[in-house]
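*Asks:* Next input, structure requested:
(4 chains)
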4 protein chains.
Amino acid sequence: DGSLQFICGPCVIESEESIHRLAAGIGASLGAPYVFKASFDKANRSSVDSYRGPGMKAGLKILASVKKSMGLPILTDIHEPSQCAKVAEVADVLQIPAFLCRQTDLLLEAGKTGRIVNIKKGQFVAPLDLRHAADKVASTGNTKIILTERGSSFGYNNLVVDMRGLVMMRSIGYPVVFDATHSVQLPGAAGSKSGGSPEFIAPLSRAAVATGIDGVFLEVHDNPAAALSDGANALKLDLLQSLAETLRRLHAARIG
Amino acid sequence: DGSLQFICGPCVIESEESIHRLAAGIGASLGAPYVFKASFDKANRSSVDSYRGPGMKAGLKILASVKKSMGLPILTDIHEPSQCAKVAEVADVLQIPAFLCRQTDLLLEAGKTGRIVNIKKGQFVAPLDLRHAADKVASTGNTKIILTERGSSFGYNNLVVDMRGLVMMRSIGYPVVFDATHSVQLPGAAGSKSGGSPEFIAPLSRAAVATGIDGVFLEVHDNPAAALSDGANALKLDLLQSLAETLRRLHAARIG
Amino acid sequence: DGSLQFICGPCVIESEESIHRLAAGIGASLGAPYVFKASFDKANRSSVDSYRGPGMKAGLKILASVKKSMGLPILTDIHEPSQCAKVAEVADVLQIPAFLCRQTDLLLEAGKTGRIVNIKKGQFVAPLDLRHAADKVASTGNTKIILTERGSSFGYNNLVVDMRGLVMMRSIGYPVVFDATHSVQLPGAAGSKSGGSPEFIAPLSRAAVATGIDGVFLEVHDNPAAALSDGANALKLDLLQSLAETLRRLHAARIG
Amino acid sequence: DGSLQFICGPCVIESEESIHRLAAGIGASLGAPYVFKASFDKANRSSVDSYRGPGMKAGLKILASVKKSMGLPILTDIHEPSQCAKVAEVADVLQIPAFLCRQTDLLLEAGKTGRIVNIKKGQFVAPLDLRHAADKVASTGNTKIILTERGSSFGYNNLVVDMRGLVMMRSIGYPVVFDATHSVQLPGAAGSKSGGSPEFIAPLSRAAVATGIDGVFLEVHDNPAAALSDGANALKLDLLQSLAETLRRLHAARIG
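*Replies:* Residues are numbered from 1 along each chain as shown, chains lettered A, B, ... in the order given. This next block holds a predicted model:
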């Protein structure tokens, strides 16, 4: 309907209780329906010793309980073709991780579920080249596709968001989402994990919305310093309401 | 006063008549005072055969006539320390070209004139490192400084605008301007001259304004295809009014 | 023993006949034992319509026949954890594709086979950060690890080889290989497939060997123009002998 | 004559005594004639408070005394067109600083002196685009031109040397030199000055020579920690002999 969509939630499922608390807190901050996002498994953490999540079975159960109690559509990411069908029983949106955006079988299996497929653009992929990933999904007959920007490699341990890329990605023909929290990651910059610059979440989101996009993806945590994954770049929950209001004003003001 | 400032004009002075016509056309499009920009000499064209402009003496005379007849403040760029005093007799803003933003003597001489000094950030300079250039100007006792972003090197023959950089540059303590037309240059991409992607002038301007900046710099031409310099990335004059209105709406909407 | 090692072969298995012919041709060109490389499945081709290979079962059978008849160690790449054990029955070296170099489960399963694991550095990974991938393999008790450089993202549709990275990667503590043919890819530059600059295979190989490395990885084809995958950046077989001789001379000359 | 040339000396003239001592020390280390390099003025230091050198008049006098007593050709850099004629009275090679490689008047005045002109490639210039700078010099009738690589912008505060660029630059038609010490600078990385990684001088030099170049440029100091400029990336004098020997071996071994 042209309104700005939000995809929000924690990086990883930390516990059933925390998921319900966050889902409610985000809902109250946004004051509108949104897509709830959480991962059941972080399959590509920097270090082998990092927390990965509850796993697929336990994770899907928690996500199903949020979906039922809150009435929210659910987005979660998949890592292997064999996970797609099972995850699609709960998730409304299957997300292709950025590193995996060229894995043909994963894209095909995701497409075959008939669910919406959100493809994150790899840090190594030019904006228009993401059409090949979309074509793979669309070859299954499923064109419910979202394309998400999360930054491009810019030297070492840094990402840059090329705002021209959002325009180019939109020209491919599918809705475009800006992932504001992974875009402020500093890969590898914190030794055995990624660093981040959360102070840029708000200005980058504002910029992306002003170019003209369909939605914003934000990983949110009520206590980023204690988050079990990606706390370095999470948005603090109590900043969400104000940011969302500003983004909606910019979304309305952007059309000349 | 917090309103969004505009710096507009053609890349190079093509003729006295064209300068007056453009200055008037831009004024009508903006509906408000602005800083008129034009160069008397393009000292770093890609090719030795390209048009460089009327030179300092003739160029300053034309700029003085615009200033007088239109009542507009004037911005022009300088290339050697010896030009600063003479140019300052006419120009209200002396601009340091991006390639020259580390040339100590040029920064010092510009500072000594007491005029506003607009430092364009080199494509090879990290945002916060531009403070060293500002410090050089400020060491003369002149703190009337503007910092301008015009893109960073991103591989070969391409520039990327890092919107985080605008926030970092603002933290240095001076007004920050976004140069939307040079930011869409594709250096060297057109053989013996630079190419450009003027279709990104509007979305990049919108993005930059939404991050929170003080002004926008736009090279404008009534017929970019016939421009004697940088036509590949100029904004067509008849697109200016609509763009300016959108940018002002976003400038107002950006505060959360 | 300090001599320069070679890993050579076609990108993908095109047929049993062509594999035997190439394995023999490469052996004759090198005049020494080498590791024979070929993929049974290209799981991340740009386009869904591209040839992927004979698949795991048929591919392993062909690789086993080369191994038996030629007496060469075999390297092939894996894409999912479930493939590791089966592939390890034939392959002496299991290769982790660059895009997958952060997939924890794939690294762990590869490590558990006890085979040598060759980790290609992602185009988005800083050289020293590859130690995290090596640590994942080593956590299985298997420290037979090779680290391979294949270029870093440098703007769009281009890669750059940072020769400092080879030195940094060596400091991690495992042998380092330079993949000279993927390093000259131009990702996405040929529309629905990757382009390449095979004229740089030789100078980049020479440079890498001069920095001090352990081996060179080269995809070789007797007719690159007709190759079913990555022909744009393959080394023509009849150039291999001369290149190998030069690289061996440089390898000997590099020590000061 | 096909042998590898060396351009060596300190970054800046610190004193007449130190210049003579270094010129002799470098000569002893190289055991062959070389081009002696030193700057009389560092016109683009990061900070306005940094040491700049003795200035043109005093500097040229010192360089003339080295030239006379040691019989060495002299290279020094120029910053403004008006300096060219005067500097050419002493210097055999006039060097265009990287930041200034697009300044038309500087290139033309340097060309008009009839001296050899060494153009350093800007960190923001694609290798083949340097031909435009060479064309500007050649338009004066002077084709005694050298092209020097000193790294390309790679994210913030970092440079990468693209070894393909050396091959491309050679294809322009002039001798190509690799500046190994500025290539290991980390611009702005040390707060108010540039940092550096001198441990990469040797491997990058080896790599560049193996690609096939005409000369190596090295800033040398007997005590880098006490150098008045660019000490962070200077080569320690006592490492020069061994490095030069290795580079000559590689230069001989590179031809297949």
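
*Asks:* got the residues of the stretch 1-150 of chain A near chain C?
*Replies:* With C-beta under 8 Å from any C-beta of the partner chain as the criterion, the stretch 1-150 of chain A meets chain C at residues A:43-48, A:52, A:79-82, A:99-100, A:102-105, A:107-108, A:122-129, A:132, A:135-136, A:139. Glycine gets a C-beta too; all of them are placed from N, C-alpha and C.

*Asks:* rerun at 7 Å
*Replies:* A:43-48, A:80, A:99, A:102-105, A:123-124, A:126, A:129, A:132, A:135-136, A:139 (C-beta under 7 Å from any C-beta of the partner chain).

*Asks:* Just the strands from the stretch 1-150 of chain A, written as ranges.
*Replies:* Taking DSSP state E, counting those that start in this stretch as the criterion, the stretch 1-150 of chain A carries its strands at A:5-9, A:35-37, A:74-77, A:93-96, A:116-120, A:145-149.

*Asks:* quick one: strands adjacent to the last one?
*Replies:* Within its sheet, strand A:145-149 is paired with strand A:116-120 (parallel), strand A:176-179 (parallel), according to DSSP bridges.

*Asks:* Next SSE downstream of that strand?
*Replies:* Remark: after strand A:145-149, the chain's next helix or strand is strand A:152-153, criterion DSSP states H and E.

*Asks:* Which residues does that following strand contact?
*Replies:* Here strand A:152-153 makes contact (C-beta atoms under 7 Å, 6 or more residues apart in numbering or on different chains) with A:123-124, A:159-160, A:162, C:123-124, C:153.

*Asks:* In helices, which of those fall?
*Replies:* Among these, no member falls in helices (DSSP state H).

*Asks:* any idea which of the residues you listed is the one closest to chain D?
*Replies:* residue A:160 (8.0 Å; C-beta to the nearest C-beta).

*Asks:* Could you measure from that closest one over to chain C?
*Replies:* Residue A:160 sits 10 Å away from chain C, going by C-beta to the nearest C-beta, to the nearest Å.

*Asks:* How about that residue: what's its closest non-neighbour residue?
*Replies:* residue A:154 (3.8 Å; C-beta to C-beta, 6 or more residues apart in numbering or on different chains).

*Asks:* Counting neighbours, what do you get for the one you found?
*Replies:* The tally of other residues near residue A:154 (other C-beta atoms under 10 Å in any protein chain shown) stands at 23.

*Asks:* Surely it touches residue D:158?
*Replies:* No. Using C-beta atoms under 7 Å, residue A:154 makes no contact with residue D:158, being 10.0 Å away.

*Asks:* helices and strands of chain A: which one has the lowest mean pLDDT?
*Replies:* Lowest mean confidence among the helices and strands of chain A (mean pLDDT, DSSP states H and E): strand A:195-196, at a mean of 90.

*Asks:* helices or strands next to the helix or strand following that strand in the packing?
*Replies:* Next helix or strand after strand A:195-196 toward the C-terminus (DSSP H and E): helix A:201-211. Other elements packing on helix A:201-211 under the criterion 3 or more C-beta pairs under 7 Å, 6 or more residues apart in numbering or on different chains; DSSP states H and E are helix A:163-170, helix A:240-253, helix B:163-170, helix B:201-211.

*Asks:* Please see if the third one touches chain D.
*Replies:* Same thing as helix B:163-170. No. On the criterion C-beta under 7 Å from any C-beta, helix B:163-170 is out of touch with chain D, staying 9.0 Å away.

*Asks:* Could you pull up the contacting residues of the residue nearest in space to the middle of chain A?
*Replies:* The centroid of chain A falls nearest to residue A:217 when counting by C-alpha atoms, centre = their mean (5.0 Å). Contact analysis of residue A:217 by C-beta under 7 Å, 6+ apart lists A:7, A:148, A:177-180.

*Asks:* so for whichever strand or helix holds it, what's the average pLDDT?
*Replies:* Residue A:217 is part of strand A:215-221, with elements assigned from DSSP H and E. Confidence for strand A:215-221, expressed as mean pLDDT, is 97.

*Asks:* That one pairs with which strands, parallel or anti?
*Replies:* With DSSP bridges as the criterion, the sheet partners recorded for strand A:215-221 are strand A:5-9 (parallel), strand A:176-179 (parallel), strand A:235-236 (parallel).

*Asks:* For chain D, give me its nearest residue in chain A.
*Replies:* residue A:155 (1.5 Å).

*Asks:* quick check, that residue in a helix?
*Replies:* No. Remark: residue A:155 does not belong to a helix; assigned using DSSP: H, G, I helix; E, B strand; the rest coil, it is coil.

*Asks:* And it, what's its pLDDT?
*Replies:* Residue A:155 is given a pLDDT of 98.

*Asks:* before we move on, what about the one 10 residues further on?
*Replies:* Residue A:165 is assigned 98 on the pLDDT scale.

*Asks:* what residues are up against the nearest residue to it once chain neighbours are set aside?
*Replies:* Of all residues not flanking residue A:165 in the chain, residue A:127 sits nearest, at 3.6 Å (C-beta to C-beta, 6+ apart). Residue A:127 sits next to A:165, A:168-169 when contact means C-beta under 7 Å, 6+ apart.

*Asks:* ditto for residue A:52
*Replies:* With C-beta under 7 Å, 6+ apart as the criterion, the residues that contact residue A:52 are A:41-42, A:45.

*Asks:* ok, now with 8 Å
*Replies:* A:12, A:41-43, A:45, C:104 (C-beta atoms under 8 Å, 6 or more residues apart in numbering or on different chains).

*Asks:* Residue A:5 now?
*Replies:* Residue A:5 neighbours (C-beta under 8 Å, 6+ apart): A:34-35, A:175, A:177, A:214-216.

*Asks:* how close does the residue nearest to residue A:160 get to residue C:66?
*Replies:* 42 Å (C-beta to C-beta, to the nearest Å).

*Asks:* In space, what's closest to residue A:35 - neighbours in sequence excluded?
*Replies:* residue A:7 (4.4 Å).

*Asks:* circling back: closest to residue C:225 among the contacts of residue A:127?
*Replies:* Of all the contacts of residue A:127, the one sitting nearest residue C:225 is residue A:168; the distance, using C-beta to C-beta, is 31.0 Å.

*Asks:* hang on, the earlier thing: let's have the contacts of residue A:217 in a markdown table, adding pLDDT.
*Replies:* Formatted as a markdown table, these follow (pLDDT from 0 to 100):
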| residue | pLDDT |
| --- | --- |
| A:7 | 98 |
| A:148 | 98 |
| A:177 | 98 |
| A:178 | 98 |
| A:179 | 98 |
| A:180 | 98 |
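
*Asks:* neighbour-wise, which of those leads?
*Replies:* Ranked by the number of neighbours (other C-beta under 10 Å), the contacts of residue A:217 place residue A:180 first, at 30 neighbours.

*Asks:* surely that one meets residue A:204?
*Replies:* Yes. Using C-beta atoms under 8 Å, residue A:180 is in contact with residue A:204, at 5.5 Å.

*Asks:* on that earlier part again, test my guess that the residue nearest to residue A:35 contacts residue A:38.
*Replies:* No. Residue A:7 is beyond contact range of residue A:38, at 10.8 Å (criterion: C-beta under 8 Å).

*Asks:* which residues do the two both contact?
*Replies:* When contacts are counted by C-beta under 8 Å, 6+ apart, residue A:7 and residue A:38 have no shared neighbour.

*Asks:* helix/strand/coil for the residue nearest to residue A:49 when sequence neighbours are not counted?
*Replies:* Spatial nearest neighbour of residue A:49, excluding adjacent residues (C-beta to C-beta, 6+ apart): residue A:192 at 7.7 Å. The local conformation at residue A:192, judged by three-state DSSP, is coil.

*Asks:* if we can go back for a sec, what about the residue nearest to residue A:35, distance to chain C?
*Replies:* The gap separating residue A:7 from chain C is 23 Å, by C-beta to the nearest C-beta.

*Asks:* Contact partners for that residue?
*Replies:* Counted by C-beta under 8 Å, 6+ apart, residue A:7 has contacts A:34-35, A:37, A:75, A:93, A:118, A:177, A:215-218.

*Asks:* Quick check: of those, which lies closest to residue B:2?
*Replies:* Of these, the one sitting nearest to residue B:2 (C-beta to C-beta) turns out to be residue A:216, at 26.3 Å.
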